[in-house]
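K.L.:
Build me a structure from this.
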Amino acid sequence: AREELQIKGRIEVIQKKLPGMAEYRFNQLQELEAILKYLNLKLDKAKGKAYRHYMEKYDRSLSSRDADKYADSDDEVIEIALLVNQVALLRNKFLGVSKGIEYLHYQLTSIVRLRVAGIEDATL
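P.N.:
Reported below is the predicted structural model:
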């Protein structure tokens, strides 16, 4: 995706490809958001299961805060939390690509305005 953000070749061709590129990357970002939401639901389910386990197993000897702490350190909960973290990192990288596409649009618009103003010999 980062290679797409470089200005190489004819500006008209790049500008023609820009809307499709932005739409494609935005769709990928939406898919990542959906995966992240799904994983967060699985994380909540695993936490609830572990919490119930600790509350039922230890009866009244644990406070709800203690059971919550134990549930957070459950192996299944930690495994899902690590997966959520990886997907969130990937989503944040895609947000960076989205920002790059916005800046590419701004740069292309500025170059076109310079050319319209008659400054043809500017190099990239």
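K.L.:
So which bits of stretch 3-11 are buried?
P.N.:
Glu4 (16 or more other CB atoms under 10 Å). Any C-beta I mention is one placed from the backbone N, CA and C, and that applies to glycine too.
K.L.:
Just the terminal-to-terminal distance for that stretch.
P.N.:
One end of stretch 3-11 sits 15 Å from the other (CA to CA, to the nearest Å).
K.L.:
does Ala81 really touch Lys42, like I thought?
P.N.:
No - the pair Ala81 / Lys42 is not scored as a contact, 10.1 Å apart, by CB atoms under 8 Å.
K.L.:
For the residue nearest the centre of the chain, which non-adjacent residue is closest in space?
P.N.:
Central residue of the chain (CA atoms, centre = their mean): Arg91, 1.3 Å from the mean position. Leaving out its chain neighbours, the residue that sits closest to Arg91 by CB to CB, 6 or more residues apart in numbering is Leu32, at 4.5 Å.
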